[in-house]
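Asks: Whatever this is, show me its structure:
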Amino acid sequence: MEVQWIVFDAVGTVINPEPSVAQAYHMIGKQFGSERTLEEVRLRFMSAFSETEQQDASRGSTGMTTNADVEETRWRYIVAEVFPEVEDGEGCFRRLHDYFAELTAWRAFDDTLPTLHSLSERGLRLAIASNFDHRLHPICDGIATFGLFEKRFISSELGFRKPSMQFYQAVVDALKVDAEQILMVGDSLKNDVEGALSVGMKAVLIDRKLPHADKTGLSDSPFGVVRSLTDLQGLLS
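Replies: You can find the predicted model right below:
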């Protein structure tokens with residue numbers, strides 16, 4: 001069936017933090033008395049974030065349920081793991097949590113806005129689907145082109161995190177088309193590609209570090225692989 005909807009993951013696919021997460025944590029951590037180096041902060045963040053992902057996976061389907069409180073607890077834990085030495089841990093968490101709700105903390109990838117315009121002009125309908133929380137709304141509201149996203153699917157509001165079938169089935173139900181008429185585009189093989197395929201959607205993995213020669217199309221595997229969002233034009237032709 002012909003694709004009618006293209007659903008994009010948010011962080012790592014259409015937007016990215018700038019400065020990086022590690023740089024932001026390092027900068028704000030210093031304001032609260034941390035003396036850790038940037039590399040220490042980066043490694044501790046990666047370890048804490050990975051730990052929360054592994055905890056979710058170990059709980060199976062129950063680990064995929066979420067809401068605003070669950071997500072805030074997740075991030076409070078991560079901040080505490082990165083900066084256990086900070087006396088005002090709650091203040092540090094709150095500053096970081098608020099920081100990533102600000103549009104100035106994010107930028108759209110160079111290939112995002114022209115691709116969204118081009119796909120919309122072709123008559124394709126667009127949506128965004130993310131393991132995020134309410135903070136994604138002001139970010140999307142602040143980027144004019146993101147008005148092309150007719151639907152926003154946010155895990156803390158749906159009650160389930162990607163890659164759960166419940167998350168993706170909610171997407172299918174809301175878009176009111178057959179699953180195979182929906183294309184999911186994201187930078188995570190597990191969360192974006194495998195999750196979408198589990199309910200019958202099409203999927204494309206974006207890997208911006210992929211050499212041009214390694215690019216594959218939708219017909220070459222259960223999912224396509226691109227190195228730029230602009231490559232979607234060729235896959236959909």
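Asks: which outside residues touch the host helix or strand of S50?
Replies: Using DSSP states H and E, S50 maps to helix 38-58. Helix 38-58 has contacts (C-beta atoms under 8 Å, 6 or more residues apart in numbering) with 21-23, 25-26, 29, 34, 36, 63-64, 74, 77-78, 81-82, 161. Backbone N, C-alpha and C define where each C-beta goes, glycine included.
Asks: Just the ones of those in helices?
Replies: Using DSSP state H, 21-23, 25-26, 29, 74, 77-78, 81-82 are the members of those that sit in helices.
Asks: right, and out of those, which lies closest to Q169?
Replies: Nearest to Q169, judged by C-beta to C-beta, of the ones in helices among the contacts of helix 38-58 is R74 at 22.9 Å.
Asks: neighbours around the nearest residue to the closest one once chain neighbours are set aside, how many?
Replies: Of all residues not flanking R74 in the chain, T52 sits nearest, at 5.4 Å (C-beta to C-beta, 6 or more residues apart in numbering). Using other C-beta atoms under 10 Å, T52 has 16 neighbouring residues.
Asks: swap in V172?
Replies: Counted with other C-beta under 10 Å, V172 comes out at 21.
Asks: Likewise for F93?
Replies: By the measure other C-beta under 10 Å, the count of residues near F93 is 22.
Asks: Confirm for me that it is in contact with R76.
Replies: Yes - assessed by C-beta atoms under 8 Å, F93 is found in contact with R76 at 5.0 Å.
Asks: hang on, the earlier thing: most neighbours of all the ones in helices among the contacts of helix 38-58, which one?
Replies: V82 (28 neighbours).
Asks: now that one: how far from D187?
Replies: V82 sits at a distance of 23 Å from D187 (criterion: C-beta to C-beta, to the nearest Å).
Asks: ditto for F132
Replies: For F132 relative to D187 (C-beta to C-beta), the value is 14 Å.
Asks: what about those two, which has more around it?
Replies: Set F132 next to D187 and count neighbours by other C-beta under 10 Å: F132 wins out with 23 against 18.
Asks: On the pLDDT front, check the closest residue to the more buried one other than its chain neighbours for me.
Replies: In space, and not counting its chain neighbours, F132 is closest to I154: 5.4 Å by C-beta to C-beta, 6+ apart. pLDDT recorded at I154 is 98.
Asks: Quick check: the gap between I154 and G91.
Replies: 26 Å.
Asks: Likewise for E180?
Replies: Taking C-beta to C-beta, one finds E180 at 49 Å from G91.
Asks: These two - which one has more neighbours?
Replies: The residue with more neighbours, out of E180 and G91, is E180; 15 against 12, by other C-beta under 10 Å.
Asks: I'd guessed the more buried one sits against L197; true?
Replies: No - E180 is not in contact with L197 according to C-beta under 8 Å; the separation is 10.4 Å.
Asks: what's around F109, how many residues?
Replies: Neighbours of F109 under the rule other C-beta under 10 Å: 16.
Asks: who's in contact with it?
Replies: 13-16, 208, 229.
Asks: Need the buried ones from the residues you listed selected in PyMOL.
Replies: To isolate the buried members of these in PyMOL, using 16 or more other C-beta atoms under 10 Å:
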select buried, resi 13+14+15+16+229
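Asks: name the element R107 belongs to?
Replies: Going by DSSP H and E, R107 is part of strand 106-108.
Asks: Direction included, what does that strand pair up with?
Replies: Strand pairing for strand 106-108, determined by DSSP bridges: strand 15-17 (antiparallel).
Asks: Using the record's domain definitions, break the protein down for me.
Replies: Under the assignment automatic domain parsing, the domains of the chain span 5-16+105-236, 18-104.
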